[in-house]
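Asks: Generate coordinates for the sequence data below:
(one chain, ligands or ions: 1)
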Amino acid sequence: MYGFSREEALGQVSAKLLQTRYPGSRASAYAIVMQNGAWEGRLVQTRKDGAVIVVYGKWALDRASGRILQVNREVTDQVATSERFKLLVESVQDYAIFLLDTRGRISSWNEGARRIKGYEEHEILGTHFSAFYPQEDIETGKPERELRMAREAGHVEDEGWRVRKDGTRFFALVVITALYDPSGQLTGYAKVTRDITARHLDRQRLLDLERSKSAFLNLVAHELRSPLTVLRGYLSMFRDAKPERRRELEERSLPALEAKTIEMIRLVDQMVEVARLEEGSLRLRADRVDLSTVGEQAVGLARALEEPPGHRIVFEPFPGELNVVGDPERVQMILSNLLSNAIKYSPPGTEVTVILDRTAELGRVAINDQGVGIPLTEQIRLFTRFMRVERPDRDHVPGTGLGLYLSRELARRMGGDVVLQWAGSGGSSFALLMPLAEK
Ligand code: ADP
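Replies: The predicted structure is shown next:
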């Protein structure tokens, strides 16, 4: 009857193999037979060739062995087509399929509707279907509008949020079809609803990603434009300068040219690193790195790049070496990032201190500034991609919101971390933590 061979069937859970559906109610034939010892009635099952059949089952529980003896007789042919169809609709699980009367009150219910919306048949029959709509849709008359459109056009499709019995929302794909009798008289509506919340959220996530990507491209273009404008300005000065003035101009402009070039290189490097991170093609070395040496180099570079009036950048040396395991170039990149932030977000003339120390397992480089600090509400989002603290326009500081995200990701992938230690009106302190190398 089912088309499965003995070998295929033995040892299988029959309900799964045959996709047994028990129409009409939440309880399954299995639950009833376990409880009462016996069950008898109609089931919808699927044959091996995919054909859906209706069977009449007589089941008994053998309490001694805990087994269920099932005698199922196919009655597909005896069931009138309309009734077969009704049984099938009732047993569909992934779609809520139900009927409304001419005034929009629910007059039939299926298994899918119960699963998606959470109401049992006896709770919902007779209720107006607006019960499934959020309050704001009811206030704008959406349920009635949809019935009217179904009447006028034959059917109406909609995607939107709907409410379950427990008050939670799901994103639904809904089709309402107006039903007419042969004389053309409206008899009611058929409504098919599908829960597409997961698909909807995926789509939303993609849209958000697209949006943040284009915002980012805008930002990068903007950030690259300002150093490029400086370079172009100097180039035209060189072109127009008389030969005897070139020497003096060179001396005056070289530091700025160098600083702007490095600013652009950093930005491009950051973007390349982030792209590698996201593609999963980032390869990190695990070398022995002396934090004292790398720290001092990063400080040297930061000092060289400062345009007057600069900051007092104080490097407090560590007695001896402070060896950690990591990728030297990335450690350098992280420290340069943190230092450049400390400088960018604190006024000239203030102090930036770089302090090294260690715990039993970690080497630490703390970078403290006396700058603007970071509002408490922003602190938890600091390490998010593209995140920048909104500040008044006059305080605009160039940046892309990638630095801290990248620094933390890189540090974590090397077994360390980047943390905000404190931030307040007196400034901020960030630290790079890295796992110590063995002696
Ligand atoms: P960017 O500096 O390019 O904007 P980051 O990811 O490095 O990006 O930093 C994110 C945000 O965190 C910055 O926009 C800034 O508002 C804030 N921030 C980072 N470092 C400091 C600091 N030392 N002091 C104050 N704010 C900081």
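
Asks: Check which helix or strand the closest residue to the ligand within the stretch 51-200 of the chain maps to.
Replies: Using C-beta to the nearest ligand atom, residue 200 is the residue of the stretch 51-200 of the chain that sits closest to the ligand, at 30.8 Å. Backbone N, C-alpha and C define where each C-beta goes, glycine included. Per DSSP states H and E, residue 200 falls inside helix 197-240.

Asks: CA-only coordinates of the helix-or-strand element of the chain with minimal mean pLDDT, as PDB, when you get a sec.
Replies: Least confident element among the helices and strands of the chain, by mean pLDDT, DSSP states H and E: helix 81-91 (a mean of 79). Extracted C-alpha coordinates of helix 81-91, given in PDB (Å, rounded to 0.1, in the frame of the first residue of the first chain):
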ATOM      1  CA  THR A  81     -12.800  14.400  -3.500                       C
ATOM      2  CA  SER A  82     -14.000  17.400  -1.600                       C
ATOM      3  CA  GLU A  83     -13.600  15.700   1.700                       C
ATOM      4  CA  ARG A  84     -10.200  14.400   0.800                       C
ATOM      5  CA  PHE A  85      -9.300  18.000   0.000                       C
ATOM      6  CA  LYS A  86     -10.600  19.100   3.300                       C
ATOM      7  CA  LEU A  87      -8.600  16.600   5.100                       C
ATOM      8  CA  LEU A  88      -5.500  17.600   3.200                       C
ATOM      9  CA  VAL A  89      -6.000  21.300   4.000                       C
ATOM     10  CA  GLU A  90      -6.600  20.500   7.600                       C
ATOM     11  CA  SER A  91      -3.400  18.600   7.900                       C
END
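
Asks: Which secondary structure elements does that helix sit against?
Replies: Counting by 3 or more C-beta pairs under 8 Å, 6 or more residues apart in numbering; DSSP states H and E, the packing neighbours recorded for helix 81-91 are strand 38-46, strand 52-62.

Asks: follow-up on the earlier one: now the helix holding residue 200, how far from the chain's geometric center?
Replies: Averaging C-alpha positions (C-alpha atoms, centre = their mean, to the nearest Å) puts helix 197-240 22 Å from its chain's average.

Asks: Closest residue of the stretch 101-250 of the chain to the ligand?
Replies: residue 223 (8.2 Å).

Asks: Just to check, that residue is in contact with residue 270?
Replies: No. Contact criterion C-beta atoms under 8 Å: residue 223 and residue 270 do not qualify, at 10.4 Å.

Asks: any residues in contact with both of those two?
Replies: Shared contacts of residue 223 and residue 270, defined by C-beta atoms under 8 Å, 6 or more residues apart in numbering, are found at residue 400.

Asks: Give the residue from the two that has the larger number of neighbours.
Replies: Neighbour comparison, residue 223 and residue 270: the larger count goes to residue 270, with 19 against 16 (by other C-beta atoms under 10 Å).

Asks: Quick check: which element contains that one?
Replies: Going by DSSP H and E, residue 270 is part of helix 243-279.

Asks: Mind giving me the packing neighbours of that helix?
Replies: helix 197-240, helix 291-305, helix 328-344, helix 403-413.

Asks: got these as a markdown table, with mean pLDDT columns?
Replies: What follows is these, written out as a markdown table (pLDDT from 0 to 100):
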| stretch | mean pLDDT |
| --- | --- |
| helix 197-240 | 89 |
| helix 291-305 | 94 |
| helix 328-344 | 96 |
| helix 403-413 | 96 |
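
Asks: Now render these as a markdown table, adding distance to residue 170.
Replies: Output for the helices and strands packed on helix 243-279, formatted as a markdown table (distance: least, C-beta to C-beta, whole Å):
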| stretch | distance to residue 170 |
| --- | --- |
| helix 197-240 | 5 |
| helix 291-305 | 52 |
| helix 328-344 | 43 |
| helix 403-413 | 33 |
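
Asks: ok, back up a step: how many degrees apart are the helix holding residue 200 and helix 243-279 in direction?
Replies: Here helix 197-240 points in a direction 170 degrees away from that of helix 243-279 (axes from the mean of the first three to the mean of the last three C-alpha atoms, to 10 degrees).

Asks: follow-up on the earlier one: so the residue of the stretch 51-200 of the chain closest to the ligand versus residue 353, what's the distance?
Replies: Distance, residue 200 to residue 353, by C-beta to C-beta, to the nearest Å: 50 Å.

Asks: now swap in residue 129 and tell me
Replies: Taking C-beta to C-beta, one finds residue 129 at 67 Å from residue 353.

Asks: Show me which of those two is the more surrounded one.
Replies: Neighbours were counted for residue 129 and for residue 353 using other C-beta under 10 Å; residue 129 has more, 21 against 17.

Asks: Check whether the more buried one really touches residue 191, as I assumed.
Replies: Yes. Applying C-beta under 8 Å as the test, residue 129 and residue 191 come out as touching, 6.8 Å apart.

Asks: The residue of the stretch 101-250 of the chain closest to the ligand - nearest residue in space that isn't next to it in sequence?
Replies: residue 398 (5.4 Å; C-beta to C-beta, 6 or more residues apart in numbering).

Asks: near the ligand, which residues of this structure show up?
Replies: Selection of the chain residues close to the ligand by C-beta under 6 Å from any ligand atom yields 341-342, 345, 369, 371-374, 382, 387-389, 399-405, 428.

Asks: who's in contact with the most centrally placed residue in the chain?
Replies: Geometric centre of the chain, nearest residue: residue 205, 5.8 Å, by C-alpha atoms, centre = their mean. Contact partners of residue 205, counting by C-beta under 8 Å, 6+ apart, are absent.

Asks: buried set for stretch 430-439?
Replies: By neighbour count with 16 or more other C-beta atoms under 10 Å, stretch 430-439 contains the buried residues 430-437.

Asks: Also stretch 80-90?
Replies: Buried, per 16+ other C-beta under 10 Å, within stretch 80-90: 84, 86-90.

Asks: outside of it, which residues touch it?
Replies: Here stretch 80-90 has contacts from 23-24, 42, 44, 52, 54, 76, 79, 97, 110-111, using C-beta under 8 Å, 6+ apart.

Asks: Export the residues you listed to JSON lines and append columns for pLDDT and neighbour count.
Replies: Formatted as JSON lines, the contacts of stretch 80-90 follow (pLDDT from 0 to 100; neighbours: other C-beta atoms under 10 Å):
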{"residue": "23", "pLDDT": "64", "neighbour count": "18"}
{"residue": "24", "pLDDT": "51", "neighbour count": "17"}
{"residue": "42", "pLDDT": "83", "neighbour count": "18"}
{"residue": "44", "pLDDT": "84", "neighbour count": "21"}
{"residue": "52", "pLDDT": "81", "neighbour count": "15"}
{"residue": "54", "pLDDT": "85", "neighbour count": "20"}
{"residue": "76", "pLDDT": "80", "neighbour count": "16"}
{"residue": "79", "pLDDT": "75", "neighbour count": "18"}
{"residue": "97", "pLDDT": "95", "neighbour count": "21"}
{"residue": "110", "pLDDT": "92", "neighbour count": "24"}
{"residue": "111", "pLDDT": "91", "neighbour count": "23"}
